[in-house]
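Visitor: Here is a sequence with its predicted model. Questions after.
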Amino acid sequence: MKFHGRTIVGGSAEGVALVSVEPVSFYGGVDPETGIVTEPRHCIEGENVKNRVLIFPRGKGSTVGSYVIYRMKKRGVAPSAILNSETDMIITTGCVIAGIPLMDRFDEEFFRILRTGNLLKLNASEGWVELISNLS
Amino acid sequence: MLGGEYGPAVAKSIELLVAVGKIFEAERLIPIESAHVSGVSYKNLGDAGLEFLEEQADLGAKVRVKTTLNPAGMDLDRWMDLGVPEDFAVKQMRVIKAFKNIGIEATCTCTPYLIGHVPRFGSQIAWAESSAIAYSNSVIGARTNRESGPTTIASAITGRTPLCGYRLDENRAPQKIVIVNAKLKTPFEYSALGYLVGEKVGSAVPYFKGIFHPDLESLKALGAALATSGGIALYHIEGITPETLKFDDEKLKGLDKIGVDEKDLREASIRLSSEVKDPIICLGCPHCSLKELKHYAKILKDKRLRRRLIAFTSRGVYDQAEKEGCIKDIEHAGGRVFRDTCMVVAPLKEMGWREISTNSFKAAHYASSMGIATYLSAAEHVLREASA
């Protein structure tokens, strides 16, 4: 099954989906040394974003979040790709400077069908995401 | 530029501006005349930001337009007097060095327009720092969006920005009318008005009626507060700001109106203000102008302060104030004037601060969110109350 979205930062990736229904703040919300989500009571608190295809509606919080994404990439704990419903300047900036594929504005069924644990393959430059296996 | 013929830093910067342009549906990049970069305090940047800036400098990034810098987390020379920890100071100096290597002037002020960085009316600029954005858009009539640290750096080293938002005529028109039914006298009252209106109109463009003869200091305070509680980047004041001539009654017809009176302003300051016992008086958010420092010096002349007073300003203004003798008068009364930093971006907790009093709603907003109890009142009032 293939979904189409808007390319913001190109590149290709493969990884296991981690889906958050809530916006994500990288500054203060994710540990830049480990990739673990630390924001208290967040729906993916305790999960590790490292090498995952991270899916969430949009960014939130301080613009310093862009630098946190960059730092995570340098430490090897960044997501392999980020997929948003409607992305914003913080996430866009972070993905460009870190070199992480970023897409948004998917087909309607995208967020209904995808679940944490799905294996995904994507090519952001070409604007598609493929569901390889839905084992979760 | 994207092809890498100008080096990797330029290529990366263009990639960033194109991506940001895409999310705001800009049709192309346009040239800019100047940039002002925020995200300077190590308190906010942390090691993540420091690493990014050092890498940019190592890649050979150089600015192509006049570029100034927002306040740092400390006075770059007198950080010890401020009580800033040494490990913080070491990291902060690395941040400044990286910016200097990129060719950015280490002005370390939120009021670049007071020290010679004054854009022309109508010019396209890429400025960060919400209060300076509000001032340059509204009072000067230059054009900038609410830029971030990384986008202003990218614009500075490419000389480009995406054409969108407040750069276009159609997005600069008033969206809400604010009728001011109060006689505003001090910058403190303008700060209260800005905070209140920012809460009510969010990120719309307000058009003020009923404001007469504001000085530069009042407009500086108004814009800073509007940008703090709301996301306001542009405001107009009838008969005062330069673009209002374009908006006749026909264009204003049909816009929502809100009224603000003296009672509303008093309530706003009571709401944000907390009780304090022995606060440090903090003035200079945004950074003090020469007129403000002269005014404080005059109030304090031959007086003695019972509390700590710290005024924050830029180096440019400090040097003028020193020549005019007002630094000496303020210090003689027991106050201090620091440069390069302020109560919003300095590591107040690590400096051991617990309570402040200030005339700035912006400072009160951020200090309270850092857990510092803040009392709000006019500068004249807090200075007179604390001196004899």
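Guide: Sure thing, it's come through.
Visitor: When you work out contacts or count neighbours from here on, use the C-alpha atoms and nothing else.
Guide: Will do.
Visitor: average pLDDT across stretch B:203-214?
Guide: The pLDDT scores in stretch B:203-214 average 96.
Visitor: Residue numbers of the stretch 101-250 of chain B in contact with chain A?
Guide: B:148-151 (CA under 8 Å from any CA of the partner chain).
Visitor: how does it look with 10 Å?
Guide: Those residues of the stretch 101-250 of chain B that sit near chain A, judged by CA under 10 Å from any CA of the partner chain, are B:147-151.
Visitor: Now tabulate these in a markdown table and tack on secondary structure and pLDDT.
Guide: Below are those laid out as a markdown table (DSSP: H, G, I helix; E, B strand; the rest coil; pLDDT from 0 to 100):
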| residue | secondary structure | pLDDT |
| --- | --- | --- |
| B:E147 | coil | 92 |
| B:S148 | coil | 91 |
| B:G149 | helix | 93 |
| B:P150 | helix | 95 |
| B:T151 | helix | 96 |
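Visitor: Dump the residues you listed to CSV, plus distance to B:W127 and neighbour count.
Guide: Listed next are those as CSV, based on distance: CA to CA, whole Å; neighbours: other CA atoms under 10 Å in any protein chain shown:
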residue, distance to B:W127, neighbour count
B:E147, 6, 23
B:S148, 8, 25
B:G149, 9, 24
B:P150, 11, 27
B:T151, 9, 25
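Visitor: hmm, which two among those are most spread apart?
Guide: B:E147 and B:P150 (8.3 Å; CA to CA).
Visitor: Could you list the low-confidence segments of the chain?
Guide: Here I'm looking at chain A. A:135-136 (pLDDT under 70).
Visitor: how does it look with 80?
Guide: A:61-63, A:134-136 (pLDDT under 80).
Visitor: which bits of it sit near chain B?
Guide: A:6-10, A:27, A:32, A:62-72, A:74, A:86-90, A:92-99, A:102, A:104.
Visitor: Among these, which are located in helices?
Guide: A:65-72, A:74, A:89-90, A:92-98 (DSSP state H).
Visitor: ok, of those, which come out buried?
Guide: With neighbours counted using 16 or more other CA atoms under 10 Å in any protein chain shown, those contain these buried positions: A:65-72, A:74, A:89-90, A:92-98.
Visitor: Hmm, A:I113 and A:K2 touching each other?
Guide: No - counting by CA atoms under 10 Å, A:K2 stays clear of A:I113, with 11.3 Å between them.
Visitor: Look at the two and report which has more neighbours.
Guide: Between A:K2 and A:I113, counted using other CA atoms under 10 Å in any protein chain shown, A:K2 has the larger neighbour count: 13 against 10.
Visitor: follow-up on the earlier one: and the residues of the stretch 101-250 of chain B next to chain A as a markdown table, adding distance to B:I14?
Guide: Shown next, in a markdown table, are these (distance: CA to CA, whole Å):
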| residue | distance to B:I14 |
| --- | --- |
| B:E147 | 15 |
| B:S148 | 15 |
| B:G149 | 15 |
| B:P150 | 12 |
| B:T151 | 10 |
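Visitor: coming back round to it: which residues are common contacts for A:K2 and A:I113?
Guide: A:L131 (CA atoms under 10 Å, 6 or more residues apart in numbering or on different chains).
Visitor: which helices and strands does the helix or strand hosting B:A321 pack with?
Guide: B:A321 is part of helix B:315-324, with elements assigned from DSSP states H and E. On a contact count with 3 or more CA pairs under 10 Å, 6 or more residues apart in numbering or on different chains; DSSP states H and E, helix B:315-324 meets strand B:280-288, helix B:290-300, strand B:309-313, helix B:326-332, strand B:336-339.
Visitor: what about that helix, distance to the chain center?
Guide: Counting by CA atoms, centre = their mean, to the nearest Å, helix B:315-324 is centred 19 Å from the centre of its parent chain.
Visitor: and what of stretch A:122-136?
Guide: Taking the mean C-alpha point of stretch A:122-136 and that of its whole chain, the gap between them comes to 13 Å (CA atoms, centre = their mean).
Visitor: now stretch A:104-120
Guide: Stretch A:104-120 sits 12 Å away from the centroid of its parent chain (CA atoms, centre = their mean).
Visitor: ends of stretch B:266-278, how far apart?
Guide: One end of stretch B:266-278 sits 23 Å from the other (CA to CA, to the nearest Å).
Visitor: what is the mean pLDDT for that stretch?
Guide: For stretch B:266-278, mean pLDDT rounds to 95.
Visitor: Ok, stretch B:177-187 next?
Guide: The average pLDDT for stretch B:177-187 rounds to 97.
Visitor: Give the buried residues for stretch A:37-44.
Guide: Neighbour counts over stretch A:37-44 (16+ other CA under 10 Å) mark A:37-39, A:44 as buried.
Visitor: let me redo that: stretch B:254-261
Guide: In stretch B:254-261, no residue is buried by neighbour count (16+ other CA under 10 Å).
Visitor: quick one: B:S38 and chain A, what's the gap?
Guide: 10 Å (CA to the nearest CA, to the nearest Å).
Visitor: repeat for B:S387
Guide: B:S387 sits at a distance of 39 Å from chain A (criterion: CA to the nearest CA).
Visitor: Then B:G325?
Guide: From B:G325 to chain A the distance is 40 Å (CA to the nearest CA).
Visitor: With B:H365 instead?
Guide: Per CA to the nearest CA, B:H365 is found 15 Å from chain A.
Visitor: That residue: what secondary structure?
Guide: Counting by DSSP: H, G, I helix; E, B strand; the rest coil, the backbone at B:H365 sits in helix.
Visitor: contacting residues around it?
Guide: B:H365 sits next to B:195, B:225, B:228-229, B:272-273, B:344, B:372, B:374 when contact means CA under 10 Å, 6+ apart.
Visitor: what's the overlap in contacts for B:E147 and B:P150?
Guide: A:63, B:37-38, B:128.
Visitor: From these, which land in helices?
Guide: Using DSSP H, none of those sit in helices.
Visitor: Sort out for me which of those are in strands.
Guide: Those of those mapping onto strands are B:V37, per DSSP state E.
Visitor: Make TSV out of the shared contacts of B:E147 and B:P150 and add distance to B:S218 and neighbour count.
Guide: Putting those into TSV (distance: CA to CA, whole Å; neighbours: other CA under 10 Å) gives the following:
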residue	distance to B:S218	neighbour count
A:T63	28	24
B:V37	24	29
B:S38	23	25
B:A128	20	27
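Visitor: Check the shared contacts of B:E147 and B:P150 and tell me the two furthest apart.
Guide: The largest distance within those, taken as CA to CA, falls between A:T63 and B:V37 and amounts to 12.9 Å.
Visitor: shared neighbours, those two?
Guide: Common contact partners of A:T63 and B:V37 (CA under 10 Å, 6+ apart): B:147-150.
Visitor: In JSON lines, list the residues you listed along with distance to B:L168.
Guide: Output for the shared contacts of A:T63 and B:V37, formatted as JSON lines (distance: CA to CA, whole Å):
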{"residue": "B:E147", "distance to B:L168": "15"}
{"residue": "B:S148", "distance to B:L168": "19"}
{"residue": "B:G149", "distance to B:L168": "22"}
{"residue": "B:P150", "distance to B:L168": "22"}
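Visitor: Spit out the contact partners of residue 101.
Guide: Just so you know, I chose chain A. Residues near A:P101 by CA under 10 Å, 6+ apart: A:7-13, A:53, A:79-83, A:92, A:95, A:122-125.
Visitor: Sorry, I should have been clearer: chain B.
Guide: B:53-54, B:56-58, B:60-63.
Visitor: List buried residues within those residues.
Guide: Listed as buried from these are B:53-54, B:56-57, B:61-63; burial here means 16+ other CA under 10 Å.
Visitor: Show me which pair in those is furthest apart.
Guide: B:E54 and B:V63 (14.6 Å).
Visitor: I'd like the contacts of B:N101 written out as CSV, with distance to chain A added.
Guide: Output for these, formatted as CSV (distance: CA to the nearest CA, whole Å):
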residue, distance to chain A
B:L53, 10
B:E54, 12
B:Q56, 10
B:A57, 14
B:D58, 15
B:G60, 16
B:A61, 14
B:K62, 17
B:V63, 17
